[in-house]
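S.K.: Next come a sequence and a model predicted from it.
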Amino acid sequence: MITVYLNRRIGDDERRQSLFRGDFHLYSGIGGANALADHAKDLIGQAFGGLDPERAQYEMDVDEFIRRVEPLKSEFTNGEKTKALCQQFAVDFGVDPERTYFDIPRLRVIPADQFLTAGVSYNYKAHRDMWYGHPQQLVNYWTPVFDVVGDNVMSMYTDYFDRPVKNGSNQYDYDEWVAKHRTAAAGEKTTDTRPHPLPLEDFESRGEIRIAGQSGDVFMFSSNHLHASAPNTSDVTRFSYDLRTINLDDVRAGRGPRNVDSGATGTTLGDFLRVSDLAPLKAEEFESALADA
């Protein structure tokens, strides 16, 4: 059984253990989350000028859309203001700033009507974050920048939280992805040819749910949940961001959900920054813990 908790004010240690069991936690009115959404809105407004960003796709061709979105996503992810707001975001959720590290957030831009489903607007097929080299102890925070509906969010396949799916993650190496494929997104326009780890079998889920909130609402879930970008049939472009955290004690102790099917190599841990002072995590210190996972 998976429980959905709304605005549950509990300690971060207890909440992480709940997430590792497969539960969902939803929050509204978190200052840091709203501040990040507002920052994204400012950057989106600059990128699209006087156009309505949710409908700008209908005013330009794909090449022009990519030309605007690529630097927008880069600035949101790598900007110094974003990092400072991530620190506020984490502290507002009550994490231990000395023991918690975050991965710089990604801005997702998913147009409607199959306008662009590859590259900078890749529509993720069903996957677990672990298939992309993330640790089992990862906590994912997904937040819409503008209000969303069921027709443009994510599909969560809750009945596969602890059920394996045959997949290609054993061919995925995170270091190779960073070196060869991450920066190639802008060149992918029709079919994304980068080696994403994909399901290798059809599966039928009777537990699909979609969480649709307002701007700044936060949906928290474990890296072990199978999920995908739902086809956007809403007539507007979906803008959202996702932020991820890990707690050092969880990684060292090997806590987290059971790895049911991920064979990915490499790790994203070297990308994480400490909440208190933005010091980078030394991933090599955790090689033995990751090898035993």
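M.R.: All right, it came through fine. Residues are numbered from 1 along each chain as shown.

S.K.: Can you say which helix or strand has residue 67 in it?
M.R.: Remark: residue 67 resides in helix 62-78, with elements defined by DSSP states H and E.

S.K.: next one: that helix to chain centre, how far?
M.R.: How far helix 62-78 lies from its chain's middle: 17 Å, per C-alpha atoms, centre = their mean, to the nearest Å.

S.K.: and the very next helix or strand once past it, what other elements does it pack with?
M.R.: Moving toward the C-terminus from helix 62-78, the next helix or strand (DSSP H and E) is helix 80-92. Applying 3 or more C-beta pairs under 8 Å, 6 or more residues apart in numbering; DSSP states H and E, we find helix 80-92 packed against helix 31-48, strand 100-110, strand 238-247. Every C-beta, even on glycine, is put in place using the N, C-alpha and C of the backbone.

S.K.: With distance to residue 165 as new columns, can these be given to me in TSV?
M.R.: Formatted as TSV, the helices and strands packed on helix 80-92 follow (distance: least, C-beta to C-beta, whole Å):
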stretch	distance to residue 165
helix 31-48	31
strand 100-110	22
strand 238-247	21
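
S.K.: Make CSV from the ones you listed and add mean pLDDT to it.
M.R.: Output for these, formatted as CSV (pLDDT from 0 to 100):
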stretch, mean pLDDT
helix 31-48, 98
strand 100-110, 97
strand 238-247, 97
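
S.K.: Same list (those) but as JSON lines, adding mean neighbour count and distance to residue 181.
M.R.: Shown next, in JSON lines, are those (neighbours: other C-beta atoms under 10 Å; distance: least, C-beta to C-beta, whole Å):
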{"stretch": "helix 31-48", "mean neighbour count": "19", "distance to residue 181": "24"}
{"stretch": "strand 100-110", "mean neighbour count": "22", "distance to residue 181": "15"}
{"stretch": "strand 238-247", "mean neighbour count": "23", "distance to residue 181": "19"}
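
S.K.: re the thing from before, relative to strand 100-110, how tilted is the helix holding residue 67?
M.R.: Inter-element angle recorded for helix 62-78 and strand 100-110: 170 degrees (by axes from the mean of the first three to the mean of the last three C-alpha atoms, to 10 degrees).
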